[in-house]
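Visitor: Below are the sequence and a predicted model for it; my questions follow.
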Amino acid sequence: MQLPRNVIAGPGAIESVGPICKTMRLKGRALIVTGNTTKHIAGDAVAESLKRSGYDVGFIVVEDATVKSVQKARKAAREMKADFLLGVGGGKSIDIAKLASTQLDLNFISVPTAASHDGIASSRASIIQNGRSVSRQAEAPLCVIADTDIIMKSPYRLLAAGCGDIISNYTAVLDWRLAARLRNVYISEYSAALSEMTARMVIDYAHQIKPGLEESVRLVVKALVSSSVAMSIAGSSAPASGSEHKFSHMLDQIAPKPALHGEQCGVGTIMMTYLHGGDWQRIRDALKTIGAPTTAKELGIGEKYIIEALMKAHKVRPERYTILGDKDLPYDAAVNIARTTKVIE
Ligand SMILES: NC(=O)C1=CN([C@@H]2O[C@H](COP(=O)(O)OP(=O)(O)OC[C@H]3O[C@@H](n4cnc5c(N)ncnc54)[C@H](O)[C@@H]3O)[C@@H](O)[C@H]2O)C=CC1
Ligand SMILES: O=C(CO)COP(=O)(O)O
Ligand SMILES: [Zn+2]
């Protein structure tokens, strides 16, 4: 079981990246893996802090979480003889830095600029390979440094998406239990309980999650770390990724303009809760209270893609058995699921 050694979350935490790396006894050269937008928001400040602490610093800017981006990051790290990597940005930058550092056998520090996904502290990396999403085992970050000022200033949509990614644990665990019963899959009860509790906390405290509130950011960051830990305990993403994630990954493949990962997972959770015979209205209400999308329209995705994604989602990660089974859903069933749960009109 791999967990981060240190998780630091607070206002202005970015200024202490250099000193924290010193405390972690890291030496030499650091490669910052970041995105175009997030370089200006946080990457440059991380570089300054590292330089003040005596580190040599290099940058690589990446946009997509593809195998190619991971290769690019590895090449940049080798060329500058990096001693450790930092992922500074959204889930994609973090996953690329996480996987590249694992492959190079180097330490990795996670510096999320948004609370939009639960990969901030996990030992998994979600990567696009040959146009499809694959979940890869990777090393958990040595340290997570979350500057709550930066996260609070990020578009609220990102925080709401993070809540969708956490609430999706609810159906992920239902799927995991189903797979344990039908496919004899191993289930870690500790991991499942932690994952369920994390989803429940966000649902119960949905009314406290609002734009511009540091308390909301802290609550969501803690939930994301807790969900990451559930994945580490399991040694897989099963406690945090089931049928609702398959639906989201399929939308990423087929929709002309996909929405945020956590937004799609949230909408997927409404529909998969319905399929499991659960209280889908409660999931929908919680997402609405938070201000996360609950319909195709709010996702900005055409209804036909929602239907197609529902029909074909089972093809994503076929080794992970879920309520979607292992055959395409009939068209009429997919329409019925989406219509009953008010995802489409
Ligand atoms: N490894 C794991 O365990 C997990 C991995 N993931 C993966 O993470 C990705 C989703 O993460 P996201 O963060 O939603 O996607 P992302 O990395 O594409 O970021 C979303 C957008 O937010 C912007 N952004 C980030 N911080 C910002 C800030 N402070 N201000 C303004 N804009 C900012 C980025 O530039 C980007 O345009 C997916 O690839 C998903 O599969 C998701 C959950 C768990
Ligand atoms: O997104 C994740 C958990 O929220 C990671 O799961 P995947 O295995 O679907 O990449
Ligand atoms: Zn996710």
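Guide: Structure received. All values reported here derive from a predicted model rather than from experimental measurement. Ligands and ions are numbered 1, 2, ... in the order given.
Visitor: what residues does the stretch 1-150 of the chain put near ligand 2?
Guide: Applying the criterion Cβ under 6 Å from any ligand atom, the portion of the stretch 1-150 of the chain that neighbours ligand 2 consists of 118, 124, 126, 135. (C-beta placed from N, C-alpha, C; glycine too.)
Visitor: give me the subset of those touching ligand 1.
Guide: Among these, the residues within reach of ligand 1 (Cβ under 6 Å from any ligand atom) are 118, 124, 126.
Visitor: show me the contacts for the residue lying closest to residue 239 once chain neighbours are set aside.
Guide: Of all residues beyond its chain neighbours, the one nearest residue 239 is residue 195 (3.7 Å), with distances taken as Cβ to Cβ, 6 or more residues apart in numbering. With contacts defined as Cβ atoms under 8 Å, 6 or more residues apart in numbering, residue 195 is in contact with 169, 172-173, 227, 230, 239-240.
Visitor: where does the stretch 201-345 of the chain come near ligand 2, residue by residue?
Guide: Where proximity means Cβ under 6 Å from any ligand atom, the interface of the stretch 201-345 of the chain facing ligand 2 comprises 237, 240-241, 245.
Visitor: Also within reach of ligand 1: list those from these.
Guide: Among those, the ones lying near ligand 1 by Cβ under 6 Å from any ligand atom are residue 237.
Visitor: Now secondary structure too, for the residues of the stretch 201-345 of the chain next to ligand 2, in TSV please.
Guide: Putting these into TSV (DSSP: H, G, I helix; E, B strand; the rest coil) gives the following:
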residue	secondary structure
237	coil
240	helix
241	coil
245	helix
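Visitor: and residue 205, how many neighbours?
Guide: By other Cβ atoms under 10 Å, 18 other residues sit near residue 205.
Visitor: Now look at the helix or strand encompassing residue 85 and say if it contacts ligand 1.
Guide: With elements taken from DSSP states H and E, the one containing residue 85 is strand 84-89. Yes - when contact is scored as Cβ under 6 Å from any ligand atom, part of strand 84-89 falls within range of ligand 1: residue 89.
Visitor: contacting residues around the residue lying closest to residue 215 once chain neighbours are set aside?
Guide: For residue 215, the nearest residue in space outside its immediate sequence neighbours is residue 208; the separation is 6.8 Å by Cβ to Cβ, 6+ apart. Taking Cβ under 8 Å, 6+ apart as the criterion, residue 208 is in contact with 215-216, 219.
Visitor: Can you tell me which of those residues are buried?
Guide: For the contacts of residue 208, a neighbour count by 16 or more other Cβ atoms under 10 Å gives the buried set as 216, 219.
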